[in-house]
Each structure stands twice: as structure tokens, then as C-alpha cells.
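A.B. asks: A predicted structure for the sequence below; I have some questions about it.
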Amino acid sequence: MTYFLFGPVLVEDVVFSTRSMFTVWASPTQTFGALLFAPVVLLLAGGLSRRGWVAFVVLLAALSGAKATYLPLLLAGLVLVVAVRRLVEGRVRGTWPAAAGVTLGFLVFAQVVLFGGGSQGTAFAPFATMRDLWGAVSGGRAEAPLTSLLVLTGVQLFCLACVWGGAAG
């Protein structure tokens, strides 16, 4: 089902980020990263025994070199689990913060050692996709005004809501 879900093409040759569903099949590193990421999630879902921790650390080490872009996603998910469990249950089992700490350690290691501190395309850039879209729509003639970026962002979010709302329905 996910394969066939993608956003509309509002301007010819301008692809919204909702059309990125095909990257898993088009990128060997993305596929390999997913192969390593799936057992990490299964280990976390099943609870980590002593052997599970060893497997978790080995898989994160491999994931750091194979496709480190999965590490921030995992870290964000673990932080969300910690926050929700703290809010709902009033306490957090030590496994979740420990897993988040290990993940953070590998993320820092990947950033500093493997990538030499370079961004490797990962940077905090609000509205970057909308700026690229504006450049494609306007032929790169002018810097996008903030109001136009906000409108394009709103259209993007509306398209996402329509696509995923239809899937949920």
C-alpha cells in the first residue's frame, strides 16, 4: 500500500517530498540500512536481554557505517518513548534511556569520526524543501519571500494530510 502512496505533481518536473516512497528501491544503501534497522527495532520491541544488548550494539555499529541516517530517527523514537512513558506511567524503565544513550553515542561517533564533522547533507535548514521548490517554480530567478514559503509549506502539509488521510480511510 505504501508503495502506491505519493503526493500530487503540482508543477511539472517539481517533485514534492511525498513522492520519496521509491527511494527504498532506488537506493542500495537505503535498503541495506533498512535491513540492519529492522532487527534493531525488533530487539527494542522484544526487550533487551544481555545477548540482546550485544546484538543491539553490534547492529548500531554496523548501521553507523552502512546508513547513519537511521540513527537520528532511532534516537528521536527512543526519546519519544521515554517522554510518553514518563508522562503516562510516571516512570521510565532503564532500558529506554540506556538505548537512547547508546544510540546517541553512535550518532556522535558517526558524525565526528566517520564523517569527520561534516554535515554530509544533514543540516538544520528550515523550509529547505520549499526553497528548492520555489527555485524550480520560479526558474531560480528570485529569493523566495517568507510568505510564499509558508504558503508552499501549507500546501505540502495539506497534500500529506490528503494522501495519508485517504490511506487511513
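C.D. replies: Cool, the structure landed. Residues are numbered from 1 along each chain as shown.

A.B. asks: Could I get the full set of helices for this protein?
C.D. replies: In the chain, helices defined by DSSP state H lie at 23-26, 28-46, 50-66, 70-89, 95-109, 128-137, 146-168, listed in chain order.

A.B. asks: Those into JSON lines, with extra columns for mean pLDDT?
C.D. replies: Formatted as JSON lines, the entries for those read as follows, by pLDDT from 0 to 100:
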{"stretch": "helix 23-26", "mean pLDDT": "55"}
{"stretch": "helix 28-46", "mean pLDDT": "87"}
{"stretch": "helix 50-66", "mean pLDDT": "92"}
{"stretch": "helix 70-89", "mean pLDDT": "92"}
{"stretch": "helix 95-109", "mean pLDDT": "93"}
{"stretch": "helix 128-137", "mean pLDDT": "73"}
{"stretch": "helix 146-168", "mean pLDDT": "78"}
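
A.B. asks: Export those helices as a markdown table, with columns for mean neighbour count and distance to Gly116.
C.D. replies: Placement of C-beta: from N, CA and C, glycine included. As requested, the helices of the chain are arranged in a markdown table below (neighbours: other CB atoms under 10 Å; distance: least, CB to CB, whole Å):
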| stretch | mean neighbour count | distance to Gly116 |
| --- | --- | --- |
| helix 23-26 | 11 | 25 |
| helix 28-46 | 14 | 18 |
| helix 50-66 | 15 | 14 |
| helix 70-89 | 15 | 16 |
| helix 95-109 | 17 | 12 |
| helix 128-137 | 17 | 22 |
| helix 146-168 | 13 | 32 |
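
A.B. asks: Reformat those helices into a markdown table and put distance to Phe115 next to each item.
C.D. replies: Below are the helices of the chain laid out as a markdown table (distance: least, CB to CB, whole Å):
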| stretch | distance to Phe115 |
| --- | --- |
| helix 23-26 | 20 |
| helix 28-46 | 14 |
| helix 50-66 | 10 |
| helix 70-89 | 11 |
| helix 95-109 | 10 |
| helix 128-137 | 19 |
| helix 146-168 | 29 |
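
A.B. asks: Grab the most central residue of this protein for me.
C.D. replies: Using CA atoms, centre = their mean, the residue of the chain that lies closest to the mean C-alpha position is Leu73, 4.8 Å off.
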